Structure formats: C-alpha cells, structure tokens
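Asks: this is the structure alone, sequence omitted:
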Ligand SMILES: [Zn+2]
C-alpha cells in the first residue's frame, strides 16, 4: 500500500485493466496502490494474472516495517512505534517531511 512494486509484464490488456482499477503506474518505479485504487478489484486482476493469491501489505508509517497480523487493521503504525512515547511526534515529523518532499 502506497509503495511502488514491480510486476512481470502482463500484457496490454491487463495493464489497462489495472489502470482502470486506479493503480498508479510509473515507468521507472512500477505500480502503486493509492487511495484512488479499487483495491479488491486490483488484487483480483493481479491474482488472476499471476495465478496466485496476492495480499496488500501495509507498512509502518514511521519505520517502514511491514505491519504484521498483530497490528490492528487500518493502523498505520507498528506496535513498536506505537509503544514508544514519541510516536505522535515522530508521526507528525515524518508527515511534515513527506509534505516537504511533495
Ligand atoms: Zn514502526
């Protein structure tokens, strides 16, 4: 989620289907699920094309570690970062940095 990932070339047809499902594409970075992406539809397309189940992995907003099953669904921080008292401060700092990059 919100990270670029690569896919093997799946053909023009699938490519346009993915684009219609709202997946962002960049020739250099590959594909990305964004807020505009119809996630379940996109996952269905990719799973079908690869012939295997695909999951979207969320990663911690602060440290970037993949969020495990222990993390509450929809959370953006891993348990380690949530535990650390500075979580909110780190979060806002990181957010400010992201904004600065844009
Ligand atoms: Zn973390």
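Replies: That came through, no problem. Being a predicted model, the structure only gives us computed values, none of them experimental. Numbering: from 1, shown residues only.
Asks: what about residue 47, how many neighbours?
Replies: For residue 47, the tally of surrounding residues (other C-beta atoms under 10 Å) stands at 13. For every residue, glycine as well, the C-beta is placed using N, CA and C.
Asks: again with residue 56
Replies: 15.
Asks: helix, strand or coil for it?
Replies: Per DSSP: H, G, I helix; E, B strand; the rest coil, the local secondary structure of residue 56 is coil.
Asks: quickly note the distance from residue 5 to the ion.
Replies: 20 Å (C-beta to the ion, to the nearest Å).
Asks: again with residue 29
Replies: Remark: distance between residue 29 and the ion (C-beta to the ion) = 23 Å.
Asks: identify the residue nearest that residue in space, chain neighbours excluded?
Replies: Nearest non-adjacent residue to residue 29, counting by C-beta to C-beta, 6 or more residues apart in numbering: residue 4, 3.8 Å away.
Asks: just checking, the one you found touches residue 32?
Replies: Yes - here residue 4 reaches residue 32: they are 5.1 Å apart, a contact under C-beta atoms under 8 Å.
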